[in-house]
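Peer 1: with the input below, show me the fold.
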Amino acid sequence: MSYRIAVASSEGKRIDQHFAKATSFVIYEISGDGKATILEKRSAKIVCHNGEHRDDEFYEKIALLKDCRYILVAKIGQRASMYLKSEGMIAYEYEGDILVAIEKLTRYVSVQDLIYKSMRKG
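Peer 2: Predicted coordinates for the structure are as follows:
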């Protein structure tokens, strides 16, 4: 099963942006065999204005990423994380190399899928 990951990155190599302040997301497609392919880069609006946030702006940013299952960011606040979760997306904080983070996430997802499948059988 394939899925998409949105990565908050200013330059496309490192996860280095806070969700609310991210101005771009690199979208990756993860194939059933775990191979990561870059699909596109999406521009986003900053939704944090001196610590203030508006719900409509959060939902606009979330709508931009709606086709992604996971969001990788350097930081994310509890409120934004809850907004994402309510839309079926999961955010993870990781600061560093994108490919290392994707490898770790895909291994984690594979293990979770195995656990879920074994629980359903039993």
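Peer 1: show me what contacts the residue most central in space within the chain?
Peer 2: In the chain, the centroid-proximal residue (C-alpha atoms, centre = their mean) is I71; its distance is 0.7 Å. Applying C-beta atoms under 8 Å, 6 or more residues apart in numbering, we find I71 in contact with I5, A6, V7, A8, F19, F25, L65, L84, M89, I90, A91, Y92. Quick note: C-beta positions are derived from backbone N, CA and C, even for glycine.
Peer 1: and the contacts of the helix or strand containing A101?
Peer 2: Taking DSSP states H and E as the criterion, the element that holds A101 is helix 98-121. When contacts are defined by C-beta under 8 Å, 6+ apart, helix 98-121 is touched by residues 1, 3, 5, 7, 9, 12-15, 26, 28, 30, 34, 36, 70, 72, 92, 94.
Peer 1: please pick the buried ones from the contacts of I71.
Peer 2: With burial judged by 16 or more other C-beta atoms under 10 Å, the buried subset of those is I5, A6, V7, A8, F19, F25, L65, L84, M89, A91, Y92.
Peer 1: in a markdown table: the residues you listed, plus secondary structure and pLDDT.
Peer 2: As requested, the buried ones among the contacts of I71 are exported to a markdown table (DSSP: H, G, I helix; E, B strand; the rest coil; pLDDT from 0 to 100):
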| residue | secondary structure | pLDDT |
| --- | --- | --- |
| I5 | strand | 98 |
| A6 | strand | 98 |
| V7 | strand | 98 |
| A8 | strand | 98 |
| F19 | helix | 96 |
| F25 | strand | 98 |
| L65 | coil | 97 |
| L84 | helix | 94 |
| M89 | coil | 96 |
| A91 | strand | 97 |
| Y92 | strand | 97 |
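Peer 1: can I get those residues in CSV including distance to I115?
Peer 2: Listed next are the buried ones among the contacts of I71 as CSV, based on distance: C-beta to C-beta, whole Å:
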residue, distance to I115
I5, 20
A6, 24
V7, 25
A8, 28
F19, 27
F25, 29
L65, 26
L84, 22
M89, 20
A91, 21
Y92, 18
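Peer 1: report the buried residues of the lowest-mean-pLDDT helix or strand in the chain.
Peer 2: Least confident helix or strand of the chain, by mean pLDDT, DSSP states H and E, is helix 98-121 with a mean of 85. Residues of helix 98-121 classed as buried by neighbour count (16+ other C-beta under 10 Å): I98, A101, I102, L105, T106, V109.
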